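Asker: The following comprises the amino acid sequence and a computationally predicted model.
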Amino acid sequence: MVTRQIAGQLLVLARRRWPVDLRDELHREWEAELHVLASEGRRARMLLFAASLAARRSGVPPTDRAPLGRRLLRTALPLLLAPTACAAIVLAALTVANRLLDTLAWTGVWALDLQLPIASTMIAASAVGPAILADRLARSGGPAGGWRAVAAVTAPLAATGLLIAYAFSYTPEQTLDTAVALMFWLAALAVVLRAVAALAQRGRTRAAWVAGVLGALAVADLAVVLAVLGNVPTGPESVIDGLPQGDTIDPISAPLWLFAVYTNSSLGLPRPTEGEIFLITDDVLIEPLFFLATTPYALAWVIRAARRRREPDLTAAAPTVLVP
């Protein structure tokens, strides 16, 4: 019976709003009432009963509930501002690296090769701060694990990512190609985050972090490949007056393009060449650095939220100790 299933789902929602030590008993009572109403054929009454329980305030005392403003300050506002803060970290790191490059320019051409490694290192180090803050904030509020926590993290990332695609693109075609790569990254990252949350809910926190880091790297690598192929031509390079122009890239080195952006090198391999690295970093630079800045806090939030969903309410389950 469809109405019975809908009423059952409403009871599940109502059950989550009550303290842990009361949930099971209340849920059994509600199920018994639904069974009586269903056996009497009172479908409208059954739905009304379940909906009223789902919409009613829980039995948690008002003093134990954080005010709405405080809850928004702890959860929604940080999640909304986090991508913008990470974008600011990227721009600040590039600015500092550029200033440092101007200072070291007199030492030789080798100083030019340090700009991107310095910026990448600064971004990776700065991303630790938002990750620690996300871990602490996720302990006290926000969706607890599952797709809701993933959506709470990825939705603000999508909005900020589209703004970045629009701001740093020169043509509508480049904006579209960058937006497609960003949307692919977000969709694939959401799958990785959901898998990470599932591991964390089982208590496998270390495995969740390892899987999250490796999965995020793979997703970022594929997104960079997609962005580069959409913005940089491939195939034979142009030849003008017998001179090759070096205006194309060879896709054979595609798995290394992400690391080429971070290190400004081919890691000692023949490909990508210096000319190809220049083409990659000239057209696709902000996106990989944005991935590096935002992934740590996204992983930290989702893992902590999943662990919070798994952890029991110790205050409610604590045994009573009688003092003689």
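Answerer: Ah, there it is.
Asker: Leaving out chain neighbours, which residue sits closest to Glu237?
Answerer: Nearest non-adjacent residue to Glu237, counting by Cβ to Cβ, 6 or more residues apart in numbering: Thr248, 4.6 Å away. All C-beta atoms are positioned from the backbone trio N, CA, C, and that covers glycine.
Asker: who's in contact with that neighbour?
Answerer: Neighbouring residues of Thr248 by Cβ atoms under 8 Å, 6 or more residues apart in numbering: Val232, Pro233, Thr234, Gly235, Pro236, Glu237, Ser238, Leu279.
Asker: Which of these has the largest number of neighbours?
Answerer: Neighbour counts for the contacts of Thr248 (other Cβ atoms under 10 Å) peak at Leu279, which has 20 neighbours.
Asker: For that residue, which three-state class applies?
Answerer: Three-state call for Leu279 (DSSP: H, G, I helix; E, B strand; the rest coil): helix.
Asker: quick one on the thing from earlier: so, if you compare the contacts of Thr248, which one comes nearest to Val196?
Answerer: Val196 has its nearest neighbour among the contacts of Thr248 in Val232, at 31.8 Å by Cβ to Cβ.
Asker: any idea how far the closest one is from Arg136?
Answerer: 41 Å (Cβ to Cβ, to the nearest Å).
Asker: And the residue nearest to Glu237, its phi and psi?
Answerer: phi -130, psi 170 (degrees, to the nearest 10).
Asker: And Glu237, by the same measure?
Answerer: The phi/psi pair for Glu237 (degrees, to the nearest 10) is phi -80, psi 160.
Asker: Show me the shaky parts of the chain.
Answerer: 1-2, 17, 19, 21, 55-75, 104-111, 140-145, 241-242, 244-245, 309-324 (pLDDT under 70).
Asker: what do you get if the cut-off is 80, keeping everything else the same?
Answerer: 1-23, 42-43, 47, 50-76, 101-113, 139-146, 169-171, 235-247, 308-324 (pLDDT under 80).
Asker: those strands in the protein, which residues are they?
Answerer: Assigned by DSSP state E, the strands in the chain fall at 239-240, 243-244.
Asker: Can you say which of those strands is packed in most?
Answerer: Among the strands of the chain, strand 243-244 has the highest mean neighbour count (mean count of other Cβ atoms under 10 Å), at a mean of 10.
Asker: Chain neighbours aside, what residue packs nearest to Asp221?
Answerer: Per Cβ to Cβ, 6+ apart, closest to Asp221 is Leu258, 4.4 Å.
Asker: these two touch, right, the one you found and Leu226?
Answerer: No. With contact defined as Cβ atoms under 8 Å, Leu258 does not reach Leu226; the gap is 11.2 Å.
Asker: More neighbours: which of those two?
Answerer: Here Leu258 and Leu226 are set side by side on neighbour count (other Cβ under 10 Å), and the busier one is Leu258, at 24 against 21.
Asker: any idea how far that one is from Leu162?
Answerer: In terms of Cβ to Cβ, Leu258 sits 21 Å off from Leu162.
Asker: And for Leu79?
Answerer: 17 Å.
Asker: which one of those two has more residues nearby?
Answerer: Between Leu79 and Leu162, counted using other Cβ under 10 Å, Leu79 has the larger neighbour count: 24 against 16.
Asker: OK, contacts around that one?
Answerer: Contacts of Leu79 by Cβ under 8 Å, 6+ apart are Gly142, Ala152, Val153, Pro156, Trp301.
Asker: The closest residue to the last one other than its chain neighbours: neighbour count?
Answerer: Spatial nearest neighbour of Trp301, chain neighbours left out: Ala134 (4.2 Å); criterion: Cβ to Cβ, 6+ apart. When neighbours are defined as other Cβ under 10 Å, Ala134 has 25 of them.
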